[in-house]
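S.K.: The sequence and its predicted three-dimensional model are supplied below.
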Amino acid sequence: MDWPLVLTGLAGSTAAGVATGVGALPVFFIRSLSPRLEGAFLGFAAGVMLTAAFRSLLSPALELAGAHVAGPLVGHAEVVAGLALGAIAVQLANRFAPHEHFVIGVEGVPTESLQRIWLIVIAIALHNVPEGLAVGVSFGGPDVANGTSAALGIGLQNLPEGLAVAAALASINYPRWIAFSVALATGLLEPVSGFVGIALVSWIDGLLPCALAFAAGAMVWVVSAEIIPETHTKGHQATATGALMAGLILMVVIDAVLAGG
């Protein structure tokens, strides 16, 4: 196993995850966000995630597929399989894990044994695990700038996302220290999944194209199935879409700077 590479991926995913807690700090001074601002924050996160999925994950996966030892056809088949498996994995988790979104409501297998806060924690975890996986795996690609871009982008979108999560918990009467702690704890799931991702691609030869595509598929599914619906239920679709474009543009600028362009 390439331990320097693994530690780099772990450091990147840790930094991105800690940003969730940093973003949640203002919850000690404010109690809630307006629906428009909350939609803007989530829309920005969606734009960053979509760009990272295609630019930092799928693009290098396709590049590696073209040079696959068994030929481009096999390489591209692995990428397609990875995309499908990533999306299916997230959907299965959403289908069977009991959880609650702030706007969409309760999903997954019904349960009476879990308090509402744990349902919310599970929902956030289902969102953050693919993010950490994406950052970790992206450091295994052919260009370390892709990993840096993914870590920086996910970290930036975690800042407003952390505040949105903490403020939403505070607005339903959870103590502010609990709201902050939940945001930070769920963010710290990202280095866990990031370590798993980079360790696997470093350990198993030939896994990288499929793993990159898996992370991309998982992130795109999260954006389409969870984040965008959350931003389109309170009448602020235009604001959320504008913020999505802002996140996309920011990621393009970051990629250009990291590439020296």
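M.R.: Cool, the structure landed.

S.K.: Point out where the stretch 1-150 of the chain drops to low pLDDT.
M.R.: Along the stretch 1-150 of the chain, the model assigns pLDDT under 70 to residues 1, 101-106, 108-114.

S.K.: which residues in it form strands?
M.R.: According to DSSP state E, counting those that start in this stretch, the stretch 1-150 of the chain carries its strands in the segments 99-101, 105-107.

S.K.: Quick one: the helices in the stretch 101-250 of the chain, in order.
M.R.: In chain order, the stretch 101-250 of the chain shows helices spanning 116-138, 144-171, 176-187, 189-203, 208-222, 228-231, 237-258, with DSSP state H, counting those that start in this stretch as the criterion.

S.K.: average pLDDT for the last one?
M.R.: Spelled out, that is helix 237-258. Mean pLDDT, computed over helix 237-258, is 93.

S.K.: got the angle between that helix and helix 144-171?
M.R.: Calculated by axes from the mean of the first three to the mean of the last three C-alpha atoms, to 10 degrees, helix 237-258 forms an angle of 150 degrees with helix 144-171.

S.K.: how about helix 237-258: buried residues?
M.R.: Going by neighbour count (16 or more other C-beta atoms under 10 Å), the buried part of helix 237-258 is 239-244, 247-248, 250-251, 254-255, 258. Just so you know, the C-beta spots here come from the backbone N, C-alpha and C atoms, and that holds for glycine as well.

S.K.: a markdown table for those residues, including distance to F44?
M.R.: Below are these laid out as a markdown table (distance: C-beta to C-beta, whole Å):
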| residue | distance to F44 |
| --- | --- |
| T239 | 10 |
| A240 | 9 |
| T241 | 11 |
| G242 | 9 |
| A243 | 4 |
| L244 | 7 |
| G247 | 4 |
| L248 | 9 |
| L250 | 8 |
| M251 | 10 |
| I254 | 13 |
| D255 | 17 |
| L258 | 20 |
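
S.K.: Can you pull up the most central residue in the chain?
M.R.: In the chain, the centroid-proximal residue (C-alpha atoms, centre = their mean) is E131; its distance is 2.7 Å.

S.K.: can you pull the contacts of it?
M.R.: E131 is in contact with 16, 49, 154, 158, 190, 193, 219, counting by C-beta atoms under 8 Å, 6 or more residues apart in numbering.

S.K.: If we use 10 Å, what do you get?
M.R.: Going by C-beta atoms under 10 Å, 6 or more residues apart in numbering, E131 touches 13, 16-17, 20, 45, 48-49, 52, 150, 153-155, 157-158, 161, 187, 189-190, 193-194, 215, 218-219, 222.
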